[in-house]
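Novice: Sequence and predicted structure are below.
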Amino acid sequence: MKKYNIKSFVTIGMLSSVAFVLMLIKFPIPPFPPYLTVDFSDIPALIAAFMFGPAAAILVELFKNIIDYIVIGSEAGIPIGNFSNFIAGIVFVIPTYFVYRRLQAKHGLVVSLVVGTLFMAIFMSILNYIAILPAYIALLGWDPMTTSALRQLVVAAVLPFNIIKGIIVAVVFLLLYSRMGKWLHENTRLKNA
């Protein structure tokens, strides 16, 4: 694990705060269920990963969800959505970081974001099927679903939604990276990894 100095901790804290604010600006994508929303809070975590490594990205994902739970709360006081957002962020950002660390070519960022998107979409589909949706059903009183209905919801809604969400976040990050890429590369730990 890399050692962080005060500047690193301050930057991670600032990125966590920005991620929390971006988490508040969310929107659904019709025709998917309204509880599936897109936000851009993973972008500060990507920046943290590129600047300080994967542990920093995990901290940003963790802090933004803790702040969100404290400030906004969750349905029935159960942080299932925050847990889901935390895991989704990690399984998007960490594979993106490691693939980019390997490729570091001109096309490497695009390839790494595609890999991160696919990894998130597949992993979150499995996790929704075996844990997240059953937790919502059991703890929040959602209508019970058969196994086939649950599988159909995951395949028809969760999987394509996460692919579209990953593409939207990736495009916005690429646009941002085109503006701040040189600065980010100068301040990145990737070149020292």
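Specialist: That came in fine, so what should we check first?

Novice: Lowest mean pLDDT among the helices and strands, pick that one out for the chain.
Specialist: Taking mean pLDDT, DSSP states H and E as the measure, the chain has helix 133-140 as its least confident helix or strand, at a mean of 84.

Novice: and the next helix or strand after that helix, what does it pack onto?
Specialist: Proceeding C-terminally, helix 133-140 gives way to helix 147-153 as the next helix or strand, assigned by DSSP states H and E. The helices and strands touching helix 147-153, judged by 3 or more CB pairs under 8 Å, 6 or more residues apart in numbering; DSSP states H and E, are helix 133-140. In this view, the C-beta of every residue, glycine as well, is placed from N, C-alpha and C.

Novice: what helices or strands is the helix it packs on leaning on?
Specialist: Contacting helix 133-140 under the criterion 3+ CB pairs under 8 Å, 6+ apart are the following elements: helix 80-103, helix 147-153.

Novice: mind listing the strands for the chain?
Specialist: Assigned strands in the chain, in chain order: 27-28, 37-38 (criterion: DSSP state E).

Novice: Point out the most buried one among those.
Specialist: Looking across these with neighbours counted as mean count of other CB atoms under 10 Å, the highest average goes to strand 37-38: a mean of 18.

Novice: That one pairs with which strands, and in what direction?
Specialist: Strand 37-38 sits in its sheet next to strand 27-28 (antiparallel), going by DSSP bridges.

Novice: neighbouring contacts of the partner strand?
Specialist: Residues from elsewhere that reach strand 27-28, judged by CB atoms under 8 Å, 6 or more residues apart in numbering: 34, 36-39.

Novice: Could you tell me the per-residue confidence at the most far-flung residue of the chain relative to its centre?
Specialist: Outermost residue of the chain with respect to the C-alpha centroid, by CA atoms, centre = their mean, is T146; its distance is 28.7 Å. If you check T146, the pLDDT there is 84.

Novice: Likewise for the one 3 residues further on?
Specialist: The confidence metric pLDDT takes the value 89 at A149.

Novice: Then V172?
Specialist: In this model, V172 carries a pLDDT of 96.

Novice: May I have the residues that are in contact with it?
Specialist: By CB under 8 Å, 6+ apart, the residues touching V172 are 40, 43.

Novice: Give me the distance between P144 and I137.
Specialist: Between P144 and I137 the distance is 6 Å, computed by CB to CB, to the nearest Å.

Novice: what about these two, which has more around it?
Specialist: More neighbours sit around I137 than around the other of P144 and I137, counting by other CB atoms under 10 Å; the figures are 14 against 10.

Novice: circling back to that earlier point, out of the contacts of strand 27-28, which is nearest to G81?
Specialist: Here the nearest of those to G81, counting by CB to CB, is T37; it sits at 9.5 Å.
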